[in-house]
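S.K.: Predicted model follows, preceded by the sequence.
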Amino acid sequence: MLSKLQRHLAKDFMKIFLRDRQSIFFSLFFPVVFMSIFAFIRGGGQEPIPLGVVNQSDSAAAERLVEMLQGDFAFTVITGAEDELREQLIAGEQMLVLVLPADFSDPGTADGKAAGLRLLADTSQFNQLPLVEPMLEQKLMAIEREFRGEEAMFSIEVENVQALSQNYLDFLLPGLLGMMLMQLSVAGSGYNVVEFRRKGILKRLFVTPLMPRDFIAAIVVARLGIVLIQLTVLLAFALFVLDVRIIGNFAEFYLVGIIASLVFLNIGFCIGSVAKTQQAIMAIGNIVIFPQIVLSGVFYPIDAMPGFVQPLAQVLPLTFVVSGLRDIAVSGETLVQIVPSLIGMAVWFVIGFALATRMFVWKEVAA
Amino acid sequence: MTPIIRAIDLVKRYPLPDDKSRTFAAVDGVSFEIFEREIYGILGPNGAGKTTTLEMLEGLNDIDGGSAFVDGIDVAKDPYSVKKIIGVQLQESEYFDKLNLIELLDLFGALYRRDIDAMELLGKVHLTEKAKARPANLSGGQKQRFSIACALVNAPKILFLDEPTTGLDPQAKRRLWDLVTELNDAGMTIVLTTHNMEEAEFLCGRIAIMDHGRLVAEDTPQSLIMKHAPEPPEAPLHGNIEDVFLALTGHALRD
C-alpha cells in the first residue's frame, strides 16, 4: 500500500514525533487531568454522612425515625448511648449525633407539645450542618404524616447519585476523546508543516525529487500511528482507572477514531497552508478548535444549547465525530446505525482534502 | 564543449513589498553557460538575485521568463528530473532536529530512492565522530559540511552551494574549500554563490558578478582583474576581485 519511500519517511516522522517528549506528555496529561477532575467532581464527594443516633424514647415514632434514617443512603447511622457518642464526637470520631429524648412521643397521641430533638455537632469540623438540618426535618415531617395518617402532597424520588455521575463520565469520555483527536490531528499536521516551513526544512526536502503526495502520505500515516497510541493510552486510563464503560464494539470505536483523525489532519493541513507564522497558526487554530469544543456536544448535549446556535452546532466536524463515538460507546450502536455521522465526517474529509491540496502552495515552500 | 547548465534570459518577478499590485524583477534577464567540471562562482551584493537565480536552476522557484537547461533537461518542464541529478546546499537550511546525522542521511537517501552508506558520506566531510549527534549540536563549520554531505547522497552531477562559507572561521573555511576542490577534482561541476572575494578567486574557474538582477561581468578571475581592476598611476596593475566587485557594483551600502 505504501511505497518504500513513504514507509521510510513515515518511520522517520514517527521517530520525530515520539522523540518530542514534551508534546507527547502534554497531549496525554491534559485529557487525563480533565477526565480525572470530572470523575472526582461528579463521582466522588457524595459519601454518606455518618450520623450517631441516641434513642432515649421507646415510642413507635422514635423507632420509625431511626429506621428511616438507617434506610437513607445519605446517612450511615450508628446507634448508641448519649455519653458514649458524645465522647466520640469530642474525640473527633463522630461528626454529628442526633438525640431523641425520652419525651419524644408519637404525633397525635401526645398532648400537642412538640417533641424536642437535639443535634450535637462539632460545627468547626462539620460544615454540612445546613444541609443535614433540612434533611432531618423532612424525615420528621414524613413520620408525622405517617402517624397522623395524612397523604403527602409531594413526593421526591431520588435516584442513585453514584450511578448518575458514572453516566456522565460515560457520556463525557467519547466527547473528550473526540476533542483530543481533533487537537492532536490539527496540531499534528498544521503546526508541523508551518514549523517545517519556517525552519526551511520543507524547502530542503523539496530540492530532492520528493513528491508532495509522498510527503503528505507519510506525515498522515505517522500521525495516525501516534494518535492511535495516544487514543489507546487514554482509553485504557478511562476504562481501568476511572471505570468508564464502553458498550459498543471497540474495533468500530477505533475505526471512527481513525476517520476522525483523517478529517482533522486535513483541516490541519488547510490551516498550515493559510498560516505563515507560528503565531498565525495558533490564532487560526484556536478559531477552528475552540468553538467546536464548546459547540460540538463534548461536555453536554447539543439539545441543551440555545436554539439559534444548534443548526451551526449540528454541522461542525467535531459534532459528527463526537456523536459517532458516543453512539458506539454509550448506546452500543454499530457502524450501520451511525451512518449519518459517518456521512458528515466523509463530507468534511472531502472538503478538507480538496482545500488542503488546493491551498498548499508547494512552490511557496521555496520562498 | 556543450555546457551542462544553460540559463537563457532568466527572469523572476516578485510583487513589491509596499505595493503588491506592482512587481520588480529580482532576476532581470540573466544568461550564462556553465561547463562540465567547472567551478562557477556567482558574486553580488545582497539582493542582487544570486539565490533566486540558483533556485530557478534547481527547480525550487518558478521561472517567470526565459529558460534554463540543466544537463539538457528543461527545468521548467521537468524539475523532477533535474532534482535527481543535482545536489543542493541551501543558505542556512535546518534539518529535523529530532533525528541524528546518520538518520538524516538515510532519509535523504530514501528521498532519492537510493541505498547509501551514510558513514562513508560522513567520512567524506570529516564528520564520522558526529554520526549520532543531532544537527543542533554541530558547530557552524560542521553544519555546513553536513549540508554538503546531504547534498551528495545522490552522487550528483552538479553541486549547488549557496554561500557555503558565510559565517565560518578561517579554519572551517579552508577545510570547506579543500572539500569543494576534492569534489571538483573527482569530476563534479560546482556552482556557488559567495560574498567572499578570496573564495571566488581561490576556487572558481569563472566568475559571474550580478547586481540589481543583472549579470554585469563574467570571466575568469584573472581576466576580470585585468579588465576592471583600478589602474594606479605609474604602477603595474594591482588589485583583487574585491576591487573588481566594488568597481562594478559601486561603493554604496546595500540592505
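M.R.: Nice, thanks for sending it over. In this text, all values refer to a predicted model and were calculated from it rather than measured experimentally.
S.K.: List, one by one, the residues from the stretch 101-250 of chain B near chain A.
M.R.: B:103, B:106, B:107, B:108, B:110, B:111, B:112, B:113, B:150, B:154 (Cβ under 8 Å from any Cβ of the partner chain). The C-beta positions use only the backbone N, C-alpha and C, and glycine is treated the same way.
S.K.: what do you get if the cut-off is 10 Å, keeping everything else the same?
M.R.: For the stretch 101-250 of chain B, the contact set with chain A under Cβ under 10 Å from any Cβ of the partner chain comprises B:103-104, B:106-113, B:134, B:147, B:150-151, B:153-154, B:160.
S.K.: Mind giving me the ChimeraX command for buried ones among those?
M.R.: Only the buried entries of these go into this ChimeraX selection, using 16 or more other Cβ atoms under 10 Å in any protein chain shown:
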select /B:103,104,106,107,108,109,110,111,112,134,147,150,151,153,154,160
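S.K.: Which members of the residues of the stretch 101-250 of chain B next to chain A are positioned in strands?
M.R.: Residues of these located in strands (DSSP state E): residue B:160.
S.K.: The residues of the stretch 101-250 of chain B next to chain A in helices, which ones?
M.R.: Of these, the ones assigned to helices by DSSP state H are B:103, B:104, B:106, B:107, B:108, B:109, B:110, B:111, B:147, B:150, B:151.
S.K.: and the last one, what pLDDT?
M.R.: The reference is to residue B:151. Predicted confidence (pLDDT) for residue B:151: 93.
S.K.: How about the closest residue to it other than its chain neighbours: which residues does it bridge to?
M.R.: Computed as Cβ to Cβ, 6 or more residues apart in numbering or on different chains, the closest residue to residue B:151 that is not its neighbour in sequence is residue B:87, at 3.5 Å. Beta-bridge partners recorded for residue B:87 (DSSP bridges): residue B:159.
S.K.: Break chain A into its domains for me.
M.R.: Following automatic domain parsing, chain A resolves into domains at A:4-42+A:162-365, A:49-158.
S.K.: quick one, strands of the chain?
M.R.: Let's take chain A. Secondary structure of chain A (DSSP E): strands at A:49-55, A:75-79, A:96-100, A:118-121.
S.K.: not quite, I wanted chain B
M.R.: Per DSSP E, chain B carries strands over the ranges B:3-15, B:23-35, B:39-43, B:65-70, B:73-74, B:86-89, B:158-162, B:189-194, B:206-211, B:214-219.
S.K.: Give me the distance between residue A:267 and residue A:274.
M.R.: 11 Å (Cβ to Cβ, to the nearest Å).
S.K.: So which residues of the stretch 151-300 of chain A form helices?
M.R.: Secondary structure of the stretch 151-300 of chain A (DSSP state H, counting those that start in this stretch): helices at A:161-186, A:192-198, A:201-205, A:212-236, A:250-274, A:278-295.
S.K.: same question, the stretch 1-150 of chain A
M.R.: For the stretch 1-150 of chain A, helices defined by DSSP H, counting those that start in this stretch occupy the ranges A:4-18, A:21-38, A:60-71, A:82-90, A:129-148.
S.K.: now for those helices, which one comes closest to residue A:332?
M.R.: helix A:21-38 (20.8 Å; Cβ to Cβ).
S.K.: Tell me the residues of the stretch 201-350 of chain A that contact chain B?
M.R.: Counting by Cβ under 10 Å from any Cβ, the residues of the stretch 201-350 of chain A lying close to chain B are A:201-211, A:214-215.
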